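S.K.: show me the folded form of this:
(one chain, ligands or ions: 1)
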Amino acid sequence: GSMEEVSLPLYFGWFLEYTFQDKLEVMAKDFLKTLGTLEAFKKHIRDFSGEGEEETNLEQYFQHKGPLHCTTKYCNYGKAKGAKEYAEKESVRQQYGSMTKLVIGALFITPRTMGVRVLLTQDQLQLWPDDTEEKADAGPEAELPPGSRAHITLGCAEGIKPVQTGPDLLEILQLQKQGQEGEKVQDLENGPLAYYGNGIWVLSFTEPLLAPALFSSYYK
Ligand code: A2P
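M.R.: Just a heads-up that it's a prediction; the model follows:
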């Protein structure tokens, strides 16, 4: 009936448990602080600043609102394609309200977005929608496996919407699939930092982070 339709959320996803959310935010801020001091970054400051600007405060460059989460299905209150079908999926109904551990493999920034890559387990993939845009976003050359775009948006540049983080991550994965490893810059506390060009910086965690998260939904 119509009640069910109006009750569909803006999106479904995994929401980071509060203490881990704080931890991740602190880690991201520390990363930006460190990155901003590196000569290698200063060399490419143009990716993040206007003509003639010598400095950029990265911590102010990326902003975000709302809870940190990994979106599974964007429903737009039922207006998005496949929203109702997703909400009715057996796995979604069964796992709604349950905790899981997300595996975080890397932290990345581009001139548009900052996020972390989430490596989904087979169980978690059951909550990934079938109608993903991975194929279209990745272009005809590189077909990436389902769930490749799983991520947590940590921040966006002014005027950029969080929906951009997925395509940015897919661009990185596509480059890696084509055999590009980026230009290794140096080892940071959590792992190696690489530069992929066009303002794309990737910190790969030597030890993946385990993030406790709740499968739920969000209404604005
Ligand atoms: P993401 O999952 O990359 O962070 P908004 O605030 O713009 O309404 O977005 C709310 C959340 O839904 C964000 O987490 C955002 O991106 C995600 N989102 C927005 N639009 C889409 C879309 N078309 N496809 C997938 N996720 C989306």
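
S.K.: report the mean confidence score over the lengthiest helix in the chain.
M.R.: Taking DSSP state H as the criterion, the chain has its longest helix at helix 18-37. Mean per-residue pLDDT for helix 18-37: 97.

S.K.: helices or strands up against it?
M.R.: When contacts are defined as 3 or more Cβ pairs under 8 Å, 6 or more residues apart in numbering; DSSP states H and E, helix 18-37 sits against helix 58-61, strand 99-109, strand 113-119, strand 151-156, strand 201-218. Glycine gets a C-beta too; all of them are placed from N, C-alpha and C.

S.K.: turn those into JSON lines, including distance to residue 51, mean pLDDT and mean neighbour count.
M.R.: Shown next, in JSON lines, are those (distance: least, Cβ to Cβ, whole Å; pLDDT from 0 to 100; neighbours: other Cβ atoms under 10 Å):
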{"stretch": "helix 58-61", "distance to residue 51": "16", "mean pLDDT": "95", "mean neighbour count": "16"}
{"stretch": "strand 99-109", "distance to residue 51": "21", "mean pLDDT": "98", "mean neighbour count": "20"}
{"stretch": "strand 113-119", "distance to residue 51": "22", "mean pLDDT": "98", "mean neighbour count": "23"}
{"stretch": "strand 151-156", "distance to residue 51": "22", "mean pLDDT": "98", "mean neighbour count": "24"}
{"stretch": "strand 201-218", "distance to residue 51": "21", "mean pLDDT": "98", "mean neighbour count": "18"}
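
S.K.: make a markdown table out of those and add distance to residue 167.
M.R.: Listed next are the helices and strands packed on helix 18-37 as a markdown table, based on distance: least, Cβ to Cβ, whole Å:
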| stretch | distance to residue 167 |
| --- | --- |
| helix 58-61 | 19 |
| strand 99-109 | 12 |
| strand 113-119 | 9 |
| strand 151-156 | 10 |
| strand 201-218 | 15 |
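
S.K.: wait, which of those is closest to the ligand?
M.R.: strand 151-156 (3.3 Å; Cβ to the nearest ligand atom).

S.K.: packing partners for the closest one?
M.R.: Using 3+ Cβ pairs under 8 Å, 6+ apart: strand 151-156 touches helix 18-37, strand 69-74, strand 99-109, strand 113-119, helix 165-177.

S.K.: and the helices and strands packed on helix 18-37: which comes nearest residue 87?
M.R.: In terms of Cβ to Cβ, the element of the helices and strands packed on helix 18-37 nearest to residue 87 is strand 201-218, at 8.4 Å.

S.K.: mind giving me the packing neighbours of that closest one?
M.R.: strand 11-16, helix 18-37, strand 69-74, strand 99-109, strand 191-195.
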